[in-house]
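Colleague: A predicted structure for the sequence below; I have some questions about it.
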Amino acid sequence: MIYKIEKKQMDRIAPLYAGWDESLIWSCLQGCMGEAWADSIKQPSAARILLADFCFFAGKANQALVTEEISNQVREFVIMVPPLDETGESWAREIEQAYGENCRRVERYAIKKEPGVFDREHLRRLAESLPEDYEVKLIDEEIFTQTRKSQWSVDFTSQFADYEDYRRRGLGAAVLYQGELAAGASSYTVYREGIEVEIGTRADCRRRGLASACGARLILECMERGLYPSWDAQNLWSVKLAEKLGYHFDRAYPAYEVYKLSGS
């Protein structure tokens, strides 16, 4: 049996996540976004945090936490991340046994969190290095509405209830071509000290430096507001883009892409 952890109870599972350098976990523990469950409310020995498409486990491997209520909380796809300590392989076995052919082990890439590392002049040059007829703007209500219309851009704002919620808590920059959204860098999630960056370019607009421009504009705006733009990379392209913007690679880590959750 598993138990939902309320916001006021997050301190009870926080010790299980000690050492995780992950902003999505911080977001949930701080009560900003996401939901958590554990094997006990009073003395938990295992927990999971679900936020957006991600699921983070901690403590002693627990099959119920791997399977129960997952399909009710996420879309048809979730990225499950085992702990990086000695319990990680036990959690990995539980995931593989539960989902079989519907899960795929992948490698993701952690990027170092280094406040103060960014070069403002370098970022300004990148933000201004757009091809003719392209412009970079902070995401306003009109652009917010555009993000919801296409699958490639929906996660720029998907974790926010509406534009008012995004305006109050979120932040993003977009590259427009003739008024249409061509690329964006935005707050996938938020935590007290910053945001987790979601970045992407429309398929027909790639290889023009648009992601670099809006990524640079977003980082500059975060610096102005005293926020940290946390970055986690799905692939090596994302690592290279992060490094171009001033980040440094930390390490690769294992995760599972799990599909077809309706039968969980």
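Modeller: Right, received. Where do you want to start?

Colleague: ok, how many other residues are close to Gln63?
Modeller: Number of residues near Gln63 (other C-beta atoms under 10 Å) recorded here: 14. Placement of C-beta: from N, CA and C, glycine included.

Colleague: helix or strand: which one has the spatially closest residue to it that is not a sequence neighbour?
Modeller: What sits nearest to Gln63 in space, not counting adjacent residues and going by C-beta to C-beta, 6 or more residues apart in numbering, is Glu94, at 5.2 Å. According to DSSP states H and E, Glu94 maps onto helix 88-99.

Colleague: for Ala47, same thing?
Modeller: For Ala47, the enclosing helix or strand under DSSP H and E is strand 46-51.

Colleague: let me see the ranges of the helices in the stretch 51-200 of the chain.
Modeller: 63-67, 70-73, 88-99, 120-128, 141-147, 163-169 (DSSP state H, counting those that start in this stretch).

Colleague: Val258: which of the ones you listed is closest?
Modeller: Distance to Val258, taken as C-beta to C-beta, is lowest for helix 88-99 among those, at 5.1 Å.

Colleague: count the residues that sit near Leu138.
Modeller: When neighbours are counted by other C-beta under 10 Å, Leu138 comes out with 14.

Colleague: doesn't Glu224 make contact with it?
Modeller: No - assessed by C-beta atoms under 8 Å, Leu138 is found out of contact with Glu224, at 10.9 Å.

Colleague: run the chain-centre distance for stretch 189-197.
Modeller: 9 Å (C-alpha atoms, centre = their mean, to the nearest Å).

Colleague: average pLDDT for it, rounded please.
Modeller: Averaging pLDDT along stretch 189-197 yields 98.

Colleague: give the buried residues for it.
Modeller: By neighbour count on 16 or more other C-beta atoms under 10 Å, the buried set for stretch 189-197 is Thr189, Val190, Tyr191, Gly194, Ile195, Glu196, Val197.

Colleague: dig out what the last one forms beta bridges with.
Modeller: When bridges are assigned using DSSP bridges, the partners listed for Val197 are Ser187.

Colleague: so it sits right up against Leu227, yeah?
Modeller: No - no contact is recorded between Val197 and Leu227 when judged using C-beta under 8 Å, the distance being 10.8 Å.

Colleague: now do Ala216 against Cys222, distance only.
Modeller: Distance, Ala216 to Cys222, by C-beta to C-beta, to the nearest Å: 11 Å.

Colleague: typo on my end, Thr147
Modeller: 18 Å.

Colleague: can you check Ser238 too?
Modeller: For Ser238, the distance to Cys222 equals 18 Å [C-beta to C-beta].

Colleague: and the nearest residue to Ala182 once chain neighbours are set aside, how many neighbours?
Modeller: Of all residues not flanking Ala182 in the chain, Cys205 sits nearest, at 4.3 Å (C-beta to C-beta, 6+ apart). A count of nearby residues for Cys205, using other C-beta under 10 Å, gives 17.
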